[in-house]
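Peer 1: Got a predicted structure plus its sequence, pasted below:
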Amino acid sequence: MRKVKIIAGPCAVESEEQIVCIAKELKKIGVNYLRGGAFKPRTNPESFQGLGDKGIEYLLKAKEITGLAIVTELMTIDQVKKYADKIDIIQIGSRNMYNYELLKELGKHKCKVLLKRGLSATFEEWISASKYVNGGKDVMLCERGIRSFDNTTRNVLDLQTIPYIKEKTNYEIFIDPSHAAGNKYMIEPMSLAATVAGCDGLLIEVHNNPSEALCDKNQAIDIKTLKSIVDKIDELSNTKLIYKYNKKSIKEVK
Ligand code: PEP
Ligand code: MN
């Protein structure tokens, strides 16, 4: 049984062939969830915005073929009403962490919610936002890096999130080194570090042909690289090096 869960897939679903091909490869590696974006919140309106409804249709097809549970981002109340009962885990992206009406709507459905940390949200703001989803029921949190003064990397991965969330809440905490780093070479070391610090899972972007990825190609690793990272994570997570939380090590909050 894998101790650190893996959510993986391309930033965006680009075609039925692409997502089915990636899903089959991920199934062989044994990842836990297939993730692909259909509705993409792009900073630049000229950038590829995702395939929308078609993207969801292709993801569902990939699920049907491989049996992998799926994760995708939704951005509006209408999208949640339409798809909440078909998607296993709905991702709420960084930009929508403060969208309380959207969070309230999610709480009315049975799906799990992966709530990403806002671009510069404090822990308190993030935890408060999670409560809008039916008091925090079926919420999982995902650290994806925060804004800093230094833009050498896309964001700065705040690994202190792991002890904070493990000590102060009952949520599962996932780490997304892909959007934190914005490059390929930091994904493995940050995944290993997050594993040792006791994260529950990792969210990693992977592509069948990274140099041609329509979205976030600088951070897209290939399937072979993902397999090698997942193998190391599995090996590491079975050692005594992994920090274990007992919710007693820290007395004071904050
Ligand atoms: C993504 O997961 O593809 C994404 C856009 O992430 P974030 O909301 O963390 O920027
Ligand atoms: Mn992305």
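Peer 2: Here it is on my side, so go on. Ligands and ions are numbered 1, 2, ... in the order given.

Peer 1: The residue of the chain at minimum distance from ligand 1: how many residues sit nearby?
Peer 2: Closest residue of the chain to ligand 1, C-beta to the nearest ligand atom: G93 (2.9 Å). For the C-beta atoms, the positions are set from N, CA and C on the backbone; glycine is no exception. When counting by other C-beta atoms under 10 Å, one arrives at 22 neighbours for G93.

Peer 1: so who does it touch?
Peer 2: Shown in contact with G93 (C-beta atoms under 8 Å, 6 or more residues apart in numbering): P41, E73, M75, K116.

Peer 1: Model confidence for it, exactly?
Peer 2: Per-residue confidence at G93 stands at 98 (pLDDT).

Peer 1: cool, and N246?
Peer 2: pLDDT, N246: 87.

Peer 1: swap in M1?
Peer 2: 83.

Peer 1: try the one 4 residues further on
Peer 2: According to the prediction, K5 has pLDDT 98.

Peer 1: is it in a bridge, and if so with what?
Peer 2: G201 (DSSP bridges).

Peer 1: can you pull out the helices in the stretch 151-254 of the chain?
Peer 2: 161-168, 177-181, 187-196, 223-237 (DSSP state H, counting those that start in this stretch).

Peer 1: Got the phi and psi for the residue of the chain found nearest ligand 2?
Peer 2: Closest residue of the chain to ligand 2, C-beta to the ion: C11 (3.3 Å). Main-chain torsions, C11, degrees, to the nearest 10: phi -50, psi -50.

Peer 1: who are the neighbours in contact with it?
Peer 2: G36, G37, K40, E205, H207, A213, L214, C215, D216, A220.

Peer 1: need the residues of the stretch 101-250 of the chain near ligand 1, please.
Peer 2: K116, R144, H179 (C-beta under 6 Å from any ligand atom).

Peer 1: would CSV of those residues with distance to ligand 2 and neighbour count be doable?
Peer 2: Formatted as CSV, these follow (distance: C-beta to the ion, whole Å; neighbours: other C-beta atoms under 10 Å):
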residue, distance to ligand 2, neighbour count
K116, 11, 24
R144, 9, 23
H179, 6, 22
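
Peer 1: Turn the residues you listed into TSV, including distance to A69.
Peer 2: Shown next, in TSV, are these (distance: C-beta to C-beta, whole Å):
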residue	distance to A69
K116	18
R144	20
H179	21
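
Peer 1: Just give me the closest of the residues you listed to V80.
Peer 2: K116 (15.6 Å; C-beta to C-beta).
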